[in-house]
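Enquirer: Quick one: sequence plus predicted model below, questions after.
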Amino acid sequence: MTRGAPIFKLRNAADAKIYFLSFGSAFIHDSSFLHASNLHDELVHVRFHSKRSHLSISYMRILSGIQASGLLHIGNYFGMMRPAIALQAEGEAFYFIADYHALTTVRDPKALRENTRRVALDFLACGLDPERAALFRQSDVPQVTELAWILSTVAPMGLLERSHSYKDKLARGLAATVGLFNYPVLMAADILMYDSDLVPVGKDQKQHIEITRDLAVKVNDTFGEIFKLPEARIQAATEVVPGIDGQKMSKSYGNNIDIFGDEKETRKRVMSIVTDSTPVDAPKDPAKSIIFKLYSLVASKDEIAKMRDQFLKGGAGYGDFKKQLFDKLWEYFAAMRKRREEILSDKSYIDNVLARGAERANGVADQVMQRVRNAVGLR
Ligand code: TYM
């Protein structure tokens, strides 16, 4: 028997890292099928010798989504995709392309279809491993709209009215549709549908995760413990990647540098990064420079230190720094560009990955929806 609540970090069923919380030592009933390398550490490595287990094992669930609204940019990459790809080895990952969400802004069906496939392609090229992580279209799990409806029946208007992204979209001139207003409710459904533990995102999604937690608590208070409370995973160093004008990089602000943009366009974008008017000879402040911030994402420690010195010493112009940034950026994504070409040459690869991902996602969603429908009285 084990005591305490185990939280698991599993690589696979055969070789697992298990955290036992709330005890000094683990009590393992049947040591014939478990071999624990160190029972006194908080981190206990356990090798399963059999599928039969007396432990109530659950995988850490990681979930995130990305809208199908165009080519992905390096803000998406460093803010969400890279951390999500790193996390796919740490638990059971579900990553999806948010085509229902994109429908709030994309009005061209052909573009929506193409963008959805392109996001899948880019994510795979960047290192998403479909053997580990399920990659799927949000709309391949239509139960999520049912869950969004159920959540909307407990969602306070005031909570949604305070949504920054809703206010930002209205300020940019988007029509105030019910879909736009309900955006965070659908996002909460996305997250709660998979009993997610961790949600890797950029800082702009933080409030959405808070709304998700608020809605989960409301449902749990009303109908009993149905939902797990998810945690946002936001990496401080990349929580807001700046665009070429210094605002948060965003396709809708037109300040993006795309991960797989063509060489000429990418160079042009880098060369048009906004700078101040400090003369070439004068020392410059790296902390205030967009060029330096972006360079820090793609260069090695030594290279970053070297550029910092060049900034502080003076004698080099922003044009030189931009060239250095372009070179590093282009090099950083070179292997991924190559992988992207390989994927493109296999016509059915993306469809197969999405179909398998949808199957796995539906497996979980069906179970959770059954639980939810029973709890609220729909069944
Ligand atoms: P989206 O498509 O706008 O962005 C996808 C991810 O990229 C991150 N990101 C950034 N991070 C740092 N700096 C930037 N400049 C930057 N730009 C974008 C975003 O924070 C995000 O993590 N609502 C979501 C999609 C979604 C979702 C979900 C996410 C739908 N359902 C459930 C998580 C869980 C969105 O529009 O992301």
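Expert: That came in fine, so what should we check first?

Enquirer: quick one, what contacts Val141?
Expert: 96, 193, 358, 361-362, 365 (C-beta atoms under 8 Å, 6 or more residues apart in numbering). In this view, the C-beta of every residue, glycine as well, is placed from N, C-alpha and C.

Enquirer: Mind doing that once more with 10 Å?
Expert: 94, 96, 100, 147, 189-190, 193-194, 357-358, 361-362, 364-366, 369 (C-beta atoms under 10 Å, 6 or more residues apart in numbering).

Enquirer: Just name the closest of those to the ligand, please.
Expert: Asp190 (4.0 Å; C-beta to the nearest ligand atom).

Enquirer: buried residues in whichever strand or helix holds that closest one?
Expert: Using DSSP states H and E, Asp190 maps to helix 178-192. Of all the residues in helix 178-192, those buried under the rule 16 or more other C-beta atoms under 10 Å are 180-192.

Enquirer: Skip ahead from that helix and say which helix or strand is next.
Expert: The helix or strand immediately downstream of helix 178-192 is strand 198-200, counting by DSSP H and E.

Enquirer: Report the rounded mean pLDDT for the helix or strand following that following strand.
Expert: For strand 198-200, the following helix or strand on the C-terminal side (DSSP H and E) is helix 206-223. Averaging pLDDT along helix 206-223 gives 98.

Enquirer: Using CSV, list the CA coordinates for helix 206-223.
Expert: Provided in CSV are the C-alpha atoms of helix 206-223 (Å, rounded to 0.1, in the frame of the first residue of the first chain):
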residue,chain,number,x,y,z
LYS,A,206,-2.9,34.1,-17.9
GLN,A,207,-6.3,35.7,-17.2
HIS,A,208,-8.0,33.0,-19.3
ILE,A,209,-6.6,30.3,-17.1
GLU,A,210,-7.7,32.3,-14.0
ILE,A,211,-11.2,32.4,-15.5
THR,A,212,-11.0,28.7,-16.2
ARG,A,213,-10.2,28.0,-12.5
ASP,A,214,-13.0,30.3,-11.4
LEU,A,215,-15.5,28.5,-13.5
ALA,A,216,-14.2,25.1,-12.4
VAL,A,217,-14.6,26.1,-8.7
LYS,A,218,-18.2,27.4,-9.5
VAL,A,219,-19.1,24.1,-11.1
ASN,A,220,-17.5,22.1,-8.3
ASP,A,221,-19.3,24.1,-5.6
THR,A,222,-22.6,23.7,-7.4
PHE,A,223,-22.5,20.1,-8.5
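
Enquirer: Show residues contacting the helix or strand following that helix.
Expert: The helix or strand immediately downstream of helix 206-223 is strand 231-233, counting by DSSP H and E. Outside strand 231-233, the residues that touch it by C-beta under 10 Å, 6+ apart are 62, 64, 80, 83-84, 87, 191, 196-203, 205-210, 212-213.

Enquirer: Check those residues one by one and keep those near the ligand.
Expert: 64, 80, 191, 199, 201-202, 205 (C-beta under 6 Å from any ligand atom).

Enquirer: Measure how buried the residue lying closest to Gly315 once chain neighbours are set aside is and give me the count.
Expert: Of all residues not flanking Gly315 in the chain, Asp281 sits nearest, at 5.9 Å (C-beta to C-beta, 6 or more residues apart in numbering). Here the number of neighbours of Asp281 (other C-beta atoms under 10 Å) works out to 10.

Enquirer: and the gap between Asp281 and the ligand?
Expert: From Asp281 over to the ligand the distance is 33 Å, taken as C-beta to the nearest ligand atom, to the nearest Å.

Enquirer: Torsion angles phi and psi at that residue?
Expert: With angles defined as degrees, to the nearest 10, Asp281 shows backbone torsions of phi -70, psi -30.

Enquirer: That one and Asp320, how far apart?
Expert: In this structure, Asp281 and Asp320 are 13 Å apart, going by C-beta to C-beta, to the nearest Å.

Enquirer: Report the contact partners of the nearest residue to Glu303 once chain neighbours are set aside.
Expert: Nearest non-adjacent residue to Glu303, counting by C-beta to C-beta, 6+ apart: Lys328, 7.1 Å away. Neighbouring residues of Lys328 by C-beta under 10 Å, 6+ apart: 294-295, 297-300, 303-304, 307.

Enquirer: redo that, cut-off 7 Å
Expert: 295, 298-299 (C-beta atoms under 7 Å, 6 or more residues apart in numbering).

Enquirer: Go through stretch 269-278 and flag the buried ones.
Expert: 269-270, 273, 275, 278.

Enquirer: Endpoints of it, how far apart?
Expert: 21 Å (C-alpha to C-alpha, to the nearest Å).

Enquirer: And the average pLDDT for it is what?
Expert: Here stretch 269-278 scores 97 as its mean pLDDT.

Enquirer: How about stretch 342-359?
Expert: When pLDDT is averaged over stretch 342-359, the result is 97.

Enquirer: Kindly export it (C-alpha atoms) in CSV.
Expert: C-alpha atoms of stretch 342-359 as CSV (Å, rounded to 0.1, in the frame of the first residue of the first chain):
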residue,chain,number,x,y,z
GLU,A,342,10.3,16.6,-45.1
ILE,A,343,6.8,16.6,-43.5
LEU,A,344,5.5,18.4,-46.5
SER,A,345,6.8,15.8,-48.9
ASP,A,346,4.6,13.1,-47.1
LYS,A,347,1.1,14.0,-48.3
SER,A,348,-0.8,12.0,-45.7
TYR,A,349,1.4,12.6,-42.7
ILE,A,350,-0.5,15.6,-41.2
ASP,A,351,-3.9,14.0,-41.7
ASN,A,352,-2.8,10.8,-40.1
VAL,A,353,-1.3,12.7,-37.1
LEU,A,354,-4.5,14.7,-36.7
ALA,A,355,-6.7,11.7,-37.0
ARG,A,356,-4.8,9.8,-34.3
GLY,A,357,-4.7,12.9,-32.1
ALA,A,358,-8.5,13.3,-32.4
GLU,A,359,-9.0,9.7,-31.4
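
Enquirer: That concludes my questions; thank you for your assistance.
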